[in-house]
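In: Got a predicted structure here, sequence first:
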Amino acid sequence: MKTRTQKFRLKIPSLTENLQLIRDFILKITEKGGFDSEVQEQIALAVDEACTNVIKHAHKNNARRLIDVQVQLDTQKIKIIITDKGEGFDITKLEKPDLKKFTKEARHGGLGIFLMRTLMDDVQYEFNPGVSNKVQMIKYRQNAKSA
């Protein structure tokens, strides 16, 4: 039996004010997909972090740039692909954050990629600055990781 994939897409201006719209979009899809509320929040937070990175770092708060959020939902998993055309970066040069230092210094920001990797089952990056940068995140349903 072939697995049916539902597809959803949201293209939205790169503004921090739009993060709530993106979050609502993700929460509705994960709710429709039957994920429990804790997992829904984890997925929404990971997407929020990814989109915040696009807005601040790739697009440098340029509202004329668009964030493209694509979601694929099936019986095994949810796959979210976030695409931008801004600046990319070398993910291999990113150091693992020192959480004790962050807490001690009461720092804000800088944990987005760490959170994405912690909250999602798989996170992949593809950078082609100025052309197309992508982050793909997957969250498997419980007992469905063999997909």
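Out: The structure has been received and is ready for your questions.

In: Figure out how far the longest helix along the chain is from the centre of its chain.
Out: For the chain, the helix that runs over the most residues, judged by DSSP state H, is helix 37-53. On the basis of C-alpha atoms, centre = their mean, to the nearest Å, helix 37-53 sits 6 Å off its chain's mean C-alpha point.

In: With stretch 121-132 instead?
Out: Averaged over its C-alpha atoms, stretch 121-132 has a centre that lies 11 Å from its chain's centre (C-alpha atoms, centre = their mean).

In: State the distance from residue 120 to residue 44.
Out: Look at residue 120 and residue 44: by C-beta to C-beta, to the nearest Å, they are 11 Å apart. Any C-beta I mention is one placed from the backbone N, CA and C, and that applies to glycine too.

In: between the two, which one's more packed in?
Out: Legend: neighbour count by other C-beta atoms under 10 Å for residue 120 and residue 44, higher for residue 120 (23 against 19).

In: quick one: contacts for that one?
Out: 42-43, 46, 137-139 (C-beta atoms under 8 Å, 6 or more residues apart in numbering).

In: Among these, list the two that are farthest apart in space.
Out: 42 and 138 (12.4 Å; C-beta to C-beta).

In: Check the protein and tell me which residue is nearest its centre.
Out: Closest residue to the average C-alpha location of the chain: residue 47 at 2.9 Å, with C-alpha atoms, centre = their mean.

In: OK, contacts around the closest residue to it other than its chain neighbours?
Out: Leaving aside its sequence neighbours, residue 47 sits nearest to residue 26 (C-beta to C-beta, 6 or more residues apart in numbering; 5.0 Å). Residue 26 makes contact with 40, 43-44, 47, 69, 71, 80, according to C-beta under 8 Å, 6+ apart.

In: Recalculate using a threshold of 10 Å.
Out: Going by C-beta atoms under 10 Å, 6 or more residues apart in numbering, residue 26 touches 8, 10, 40-41, 43-48, 51, 69, 71, 78, 80.

In: about what we covered before: would you mind listing which of the contacts of residue 120 are buried?
Out: 42-43, 46, 137-139 (16 or more other C-beta atoms under 10 Å).
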